[in-house]
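Colleague: have a look at this fold, sequence not included:
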């Protein structure tokens, strides 16, 4: 499913969910006094910290790791979940007061930066949002709201004190990106359209285009605003993600939603090292520290075809569907994100409302059902 179609589907779900809120009363767990902050335009945003209860937050999306915890953004209702990695359970939830579509997340300077893609106006109509919520890691509370471009989506830490946020996708919302200073909370429009990105040694590796126009790959330093073209002539017109690991660049491709995609490895000079077929819509390559990497195959919506492959980073040799083989069941419906923390990998499966915790040694998993 294309990003544009996915956003449309999520908006439809949000409209149904908002209508349900108007006719149903949901019993909430006892919570401390809300922490509030006020935007420049006067809108008040409130987040309530509480214990997690089943179904209190669903549709898990993106993740970030910090200080022995894994943080998960959820869309319905909008909430941020905190997973204790030692115990493998959700130990806290930060729930927002109104409808926000929480997307990307990154940690910098003792804070979490969480993008809100869209919200609702006073009439309940779904509209694009332009906010990044800042969460203090020590207190797990909302401390600031930063205004960026419309439809913020992906968030990556550049270094200890800066994050980059991609906004829009080039359709009815112009695509651009912002640099946020994690100490002053100032946001600077970089004027660069970024469809997908990864960060290595303070530089953004990304591409623009790839949906209806040819993809253009680049390496970009957001602190100096210097940019150079990479992977020129690589011949990839339909990239789906980009990852940088140990000086190499891994680009995944989509199969136009009807065939498996590929993983293509390039060295630092842009020379192709290998190409291998993965699963349906491979969306991330994550190193495991033993010369192999997980490939997260997102899968088409409604098809329950999300999967995980394990690939040799040197040769490109791949073992497909290692999750199903090790666990005797499928991964689920639309895998959104994968992060590796220590000897475990965490996977969000959005439409199955689950978080999987994999032992990277043998691919076995423990599931958290939301």
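Modeller: Okay, I see it. Keep in mind the model is a prediction, meaning the values are calculated, not measured.

Colleague: grab the most central residue of this protein for me.
Modeller: Nearest residue to the geometric centre of the chain (Cα atoms, centre = their mean): residue 62, 3.4 Å.

Colleague: wait, that residue touches residue 336, no?
Modeller: Yes. In this structure residue 62 lies within contact range of residue 336 using Cβ atoms under 8 Å: 6.8 Å. Quick note: C-beta positions are derived from backbone N, CA and C, even for glycine.

Colleague: if I pick the residue nearest to the centre of the chain, what's in contact with it?
Modeller: Residues in contact with residue 62 (Cβ atoms under 8 Å, 6 or more residues apart in numbering) are 72, 73, 102, 103, 104, 105, 155, 336, 337, 348.

Colleague: please produce JSON lines containing those residues, extended by neighbour count and distance to residue 248.
Modeller: Converted to JSON lines, the contacts of residue 62 look like this (neighbours: other Cβ atoms under 10 Å; distance: Cβ to Cβ, whole Å):
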{"residue": "72", "neighbour count": "27", "distance to residue 248": "28"}
{"residue": "73", "neighbour count": "30", "distance to residue 248": "28"}
{"residue": "102", "neighbour count": "26", "distance to residue 248": "31"}
{"residue": "103", "neighbour count": "26", "distance to residue 248": "27"}
{"residue": "104", "neighbour count": "25", "distance to residue 248": "23"}
{"residue": "105", "neighbour count": "26", "distance to residue 248": "25"}
{"residue": "155", "neighbour count": "27", "distance to residue 248": "23"}
{"residue": "336", "neighbour count": "24", "distance to residue 248": "24"}
{"residue": "337", "neighbour count": "24", "distance to residue 248": "21"}
{"residue": "348", "neighbour count": "29", "distance to residue 248": "25"}
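
Colleague: quick one: residue 324 is in a helix?
Modeller: Yes. Assignment of residue 324 by DSSP: H, G, I helix; E, B strand; the rest coil places it within a helix.

Colleague: distance-wise, check the closest residue to it other than its chain neighbours relative to residue 365.
Modeller: Distances taken as Cβ to Cβ, 6 or more residues apart in numbering place residue 330 nearest to residue 324, at 5.7 Å, with adjacent residues excluded. As judged by Cβ to Cβ, to the nearest Å, residue 330 and residue 365 stand 11 Å apart.

Colleague: give me the common contacts of the two.
Modeller: residue 323.

Colleague: lowest-scoring secondary structure element of the protein by mean pLDDT?
Modeller: helix 3-23 (a mean of 46; mean pLDDT, DSSP states H and E).

Colleague: which of residue 330 and residue 365 has more residues huddled nearby?
Modeller: Under the neighbour definition other Cβ atoms under 10 Å, residue 330 and residue 365 were set side by side, and residue 365 has more, 20 against 16.

Colleague: roughly how far does the more buried one sit from residue 135?
Modeller: Distance from residue 365 to residue 135, counting by Cβ to Cβ: 27 Å.

Colleague: got phi/psi on residue 361?
Modeller: phi -80, psi -40 (degrees, to the nearest 10).

Colleague: where does the prediction get shaky in the protein?
Modeller: 1-43, 211-212 (pLDDT under 70).

Colleague: can you give me the helices for it?
Modeller: Along the chain, counting by DSSP state H, helices occupy 3-23, 322-327.

Colleague: what residues sit buried inside the shortest one?
Modeller: Think helix 322-327. Within helix 322-327, the residues that count as buried by 16 or more other Cβ atoms under 10 Å are 322, 323, 326, 327.

Colleague: that one - contacts with which helices or strands?
Modeller: strand 307-312, strand 365-369 (3 or more Cβ pairs under 8 Å, 6 or more residues apart in numbering; DSSP states H and E).

Colleague: check which helices and strands the shortest one is in contact with.
Modeller: In this structure, strand 365-369 makes packing contacts with helix 322-327, strand 354-359, judged by 3+ Cβ pairs under 8 Å, 6+ apart.

Colleague: list the contacts of it.
Modeller: With Cβ under 8 Å, 6+ apart as the criterion, strand 365-369 contacts 54, 83, 88-90, 323, 326-327, 353-359.

Colleague: which of the residues you listed has the most neighbours?
Modeller: When neighbours are counted by other Cβ under 10 Å, residue 323 leads the contacts of strand 365-369 with 28 neighbours.

Colleague: that one: what's it in contact with?
Modeller: Residue 323 neighbours (Cβ under 8 Å, 6+ apart): 307, 308, 330, 331, 356, 358, 363, 365.

Colleague: from residue 296, how far off is it?
Modeller: Taking Cβ to Cβ, one finds residue 323 at 10 Å from residue 296.

Colleague: again, but for residue 249
Modeller: 17 Å.

Colleague: more neighbours: which of these two?
Modeller: Between residue 249 and residue 296, counted using other Cβ under 10 Å, the more crowded position is residue 296 (30 against 25).

Colleague: still on that earlier bit, switch the helices and strands packed on helix 322-327 over to a markdown table; also include distance to residue 114.
Modeller: Below are the helices and strands packed on helix 322-327 laid out as a markdown table (distance: least, Cβ to Cβ, whole Å):
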| stretch | distance to residue 114 |
| --- | --- |
| strand 307-312 | 25 |
| strand 365-369 | 20 |
